[in-house]
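[1] my questions are about this predicted structure, shown below with the sequence.
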Amino acid sequence: MKNLKKILVHLPAYREPELIPTIKSALENAEYPERIIFGICRQYNPEDKFDNLDEYRKDSRFKIKDILYTEAKGLAYARKVINEELLEDEEFVCQLDAHHRFDKNWDSTLIGWYHQLKEEGHNPLICGYLPYYDPYNDPQKRVREPWLSEAACFYPHGTIFIRPTSFSNWKELTKPYPARFISGHFCFGPNKWAKEIRHDPNIFFAGEEINLTVRSFTHGYDLFHPHRVVIWHATMREERSNMLVWDDQHKRGDNMWWKGNDLARARIRQLLGVEDNGFDLTGYDLGTKRTLRDYEKYAGIHFKKKAFQQHTRDKKFPPNPYPYSNEQEWEDSFTFSFYYLVHITRNMLPADDYESILVAFDDEKGEGINHKYITGEKLKNFIQNGIPIHYEEMFPSEKIPKRVVYWGVSKERGWVERVERQLQ
C-alpha cells in the first residue's frame, strides 16, 4: 500500500448535531480515507442522541475524548485536549470546528498545496474563513467561491473583528495566496505547528484567531488562504439554537462566558503589547523568529493605535508595501478604527411620525465625523412593533468620535426628539 501521510482531523464538538455528518463527509470525500485520523473532543449532553459516536469507537482512526457538557471549559481548552492528548505522529493537522462538508479529494488537495508552498521556500499554514453551507439544503446552498478574511474594525476591548468577504479575482489565482489572519475553524499545517503553537486554555472563545495568528507568524509560519473551495463551514444554525455553551451556562446561572472572555481579552492585549496585565504567558507567548512589529508591518495593523493602513482596508493581499523612509512615516500611515454598538429604544425616541432617525458621531467640537439615516423596515419595526434599533457601527476616522446623537426627523414637525450620549 502507498505510504500515506496521515491527517489528524481536529474536531472540538459541543452538543453538535453536525458532528456525525461532518465525519461521514470527510471520509466519503477523502481520496485516501485510510489516512484520515479523527481527534474529537466531544462535549456532550447525555440527553442528546445526535452526537453518539459508538459506531466509531472500535475504529483505530478515531481518538475520542468525552467531556460532560457541564464540565466544558471553552473552545481553546477543547482544542488543547485534542492537540496535547490525541495528536500523536500524524504528519498533518486539519484544525476545524465540527460542522463541515468536504469536496472530493480534499485530503490530497491540501497536502498538494502545502508541498507546493513548501517547495517555494515557505513555512506554510493554509487557513481562513471557509465558505458557507446550509445543513437543511445541502449541497444546493453551498457557496462556491473562496473567501478572504478581512479586518472590519477593532473592538473596544482590543481584539479585531475578523470577518469573511468575497474578492473578485479568485479565478485568476493558481495557488493559495497570502493571508493576514488564521481562522479558528480552518487551519491546515504540519504536526509541528499544532504541538508548537499550543492553545491557551484561558482563551475561552473571543480572540482565539488573532492570538493564533500573531503567535504563528512570530514563530515563523507563513499564512495562506485557499484559492479554491475544498471544505465548507456552517454558521448561525437553527438546530443549535438555545444549546450553545453560553446558552447552557446562562441557564445554570454560570457567568464563565463573560468572565472567561474578559480574562482572554486581557491576556491578548498583553500579548499584543497594548497593556502589561501581569500574566505569565510562558508557553503561550510570541515566537522569536519574527517580532510583533514584523507582523504589524506585514498586515498593515497597529495594535496600540487600533488602526489599519488603507492597503489593508482595501482588502489587498499582504505583505503591505513599505515605501517609508523612517518609522514615523509608517506610524503616520494608519487610520483609527472606530466601533460602537448602536442601541435605540422607544423610550428614547417615543414619537410615531418619524420618517427617519439620524445616527451621527461628532468630535469634541460637535463637528460631524460620520452619520447615517435609519429608514425602511428597521424604522417601521421600531415604530410599530417597538423593536429596538440595534446594530454595530464601524468606520475609519482621522478623529476619535466623542459623542453619538440619535435625532428623530418628522415630515410634519421637522427635527424633533433628540438623544445625545457622550463617548469615552
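    Everything's here; your move. Numbering: from 1, shown residues only.

[2] pop the domain breakdown of the protein in here.
    Here the domain parsing of the chain from automatic domain parsing is 7-240, 338-422.

[3] out of the ones you listed, which is the most enclosed?
    Greatest average neighbour count among the domains of the chain goes to domain 7-240 (a mean of 19), per mean count of other C-beta atoms under 10 Å. The way it works is simple: take the backbone N, C-alpha and C, and place the C-beta from them, glycine included.

[4] state the mean pLDDT of it.
    Taken as a whole, domain 7-240 has a mean pLDDT of 95.

[5] surely residue 407 is within a strand?
    Yes - in this structure, residue 407 lies within a strand as judged by DSSP: H, G, I helix; E, B strand; the rest coil.

[6] got the domains of the chain as TSV, with distance to residue 280 columns?
    Listed next are the domains of the chain as TSV, based on distance: least, C-beta to C-beta, whole Å:
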stretch	distance to residue 280
domain 7-240	11
domain 338-422	30
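
[7] so for residue 277, which of the ones you listed sits nearest?
    Between residue 277 and the domains of the chain, the shortest gap by C-beta to C-beta is with domain 7-240, which sits at 10.9 Å.

[8] and that closest one, end to end?
    28 Å (C-alpha to C-alpha, to the nearest Å).

[9] just how off-centre is that domain within its chain?
    11 Å (C-alpha atoms, centre = their mean, to the nearest Å).

[10] measure stretch 265-278 end to end?
    Start-to-end, stretch 265-278 (C-alpha to C-alpha) is 13 Å.

[11] now swap in stretch 215-235 and tell me
    Stretch 215-235: ends 26 Å apart by C-alpha to C-alpha.

[12] equivalent analysis for stretch 396-407, please.
    Termini of stretch 396-407 sit 22 Å apart (C-alpha to C-alpha).

[13] quick one, strands of the stretch 201-350 of the chain?
    Under the criterion DSSP state E, counting those that start in this stretch, the stretch 201-350 of the chain contains strands at 222-225, 231-233, 301-302, 307-308, 335-344.

[14] now for these, which one comes closest to residue 159?
    Going by C-beta to C-beta, the one of the strands of the stretch 201-350 of the chain nearest residue 159 is strand 335-344, 10.7 Å.

[15] which strands and helices sit next to the closest one?
    For strand 335-344, the packing partners by 3 or more C-beta pairs under 8 Å, 6 or more residues apart in numbering; DSSP states H and E come out as strand 148-154, strand 307-308, strand 354-362, strand 389-397, strand 403-410.

[16] to residue 343, which of those lies closest?
    strand 389-397 (5.1 Å).

[17] how far off centre is the closest one?
    With C-alpha atoms, centre = their mean as the basis, the mean position of strand 389-397 lies at 18 Å from the chain mean.

[18] listing partners with orientation, what would you give for it?
    Paired neighbours of strand 389-397 in the sheet (DSSP bridges): strand 335-344 (antiparallel).

[19] what is the rounded mean pLDDT of the partner strand?
    Mean pLDDT, computed over strand 335-344, is 95.

[20] please save the CA atoms from that strand in CSV.
    Taking C-alpha atoms only, strand 335-344 is exported to CSV below (Å, rounded to 0.1, in the frame of the first residue of the first chain):
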residue,chain,number,x,y,z
THR,A,335,-6.3,55.4,10.2
PHE,A,336,-8.2,54.9,13.5
SER,A,337,-10.8,52.2,13.5
PHE,A,338,-14.0,53.1,15.3
TYR,A,339,-16.6,50.7,16.7
TYR,A,340,-19.8,51.4,18.5
LEU,A,341,-22.9,49.3,19.3
VAL,A,342,-25.9,51.4,18.5
HIS,A,343,-28.9,50.8,20.6
ILE,A,344,-32.1,52.9,20.4
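
[21] give me the angle between it and strand 403-410.
    Interaxial angle, strand 335-344 versus strand 403-410 (axes from the mean of the first three to the mean of the last three C-alpha atoms, to 10 degrees): 50 degrees.

[22] hmm, who's touching strand 335-344?
    For strand 335-344, contacts defined as C-beta atoms under 8 Å, 6 or more residues apart in numbering pick out 151, 153-156, 161, 305-310, 313, 357, 359, 361, 370, 374, 382, 388-401, 404, 406, 419, 423.

[23] contacts only, for the residue sitting furthest away from the middle of the chain.
    Distance from the centre of the chain peaks at residue 412, with 45.8 Å (C-alpha atoms, centre = their mean). For residue 412, the contact set (C-beta under 8 Å, 6+ apart) comprises residue 353.

[24] also residue 220?
    123, 287, 289, 290 are the contacts of residue 220 under C-beta under 8 Å, 6+ apart.

[25] now the second one: how far from residue 195?
    Distance, residue 287 to residue 195, by C-beta to C-beta, to the nearest Å: 13 Å.

[26] what does residue 46 give?
    From residue 46 across to residue 195, the span is 33 Å (C-beta to C-beta).

[27] how about residue 310?
    Counting by C-beta to C-beta - residue 310 and residue 195 are separated by 38 Å.

[28] same check, this time on residue 349
    Taking C-beta to C-beta, one finds residue 349 at 56 Å from residue 195.

[29] just give me the neighbour total for residue 282.
    Close neighbours of residue 282, defined as other C-beta atoms under 10 Å, add up to 6.

[30] nearest spatial neighbour of residue 345, skipping sequence neighbours?
    residue 388 (4.9 Å; C-beta to C-beta, 6 or more residues apart in numbering).

[31] list the contacts for the one you found?
    Applying C-beta under 8 Å, 6+ apart, one finds that residue 388 lies in contact with 343, 344, 345, 346, 382.

[32] from those residues, which is closest to residue 33?
    Proximity of the contacts of residue 388 to residue 33 (C-beta to C-beta) peaks at residue 343, which lies at 49.7 Å.
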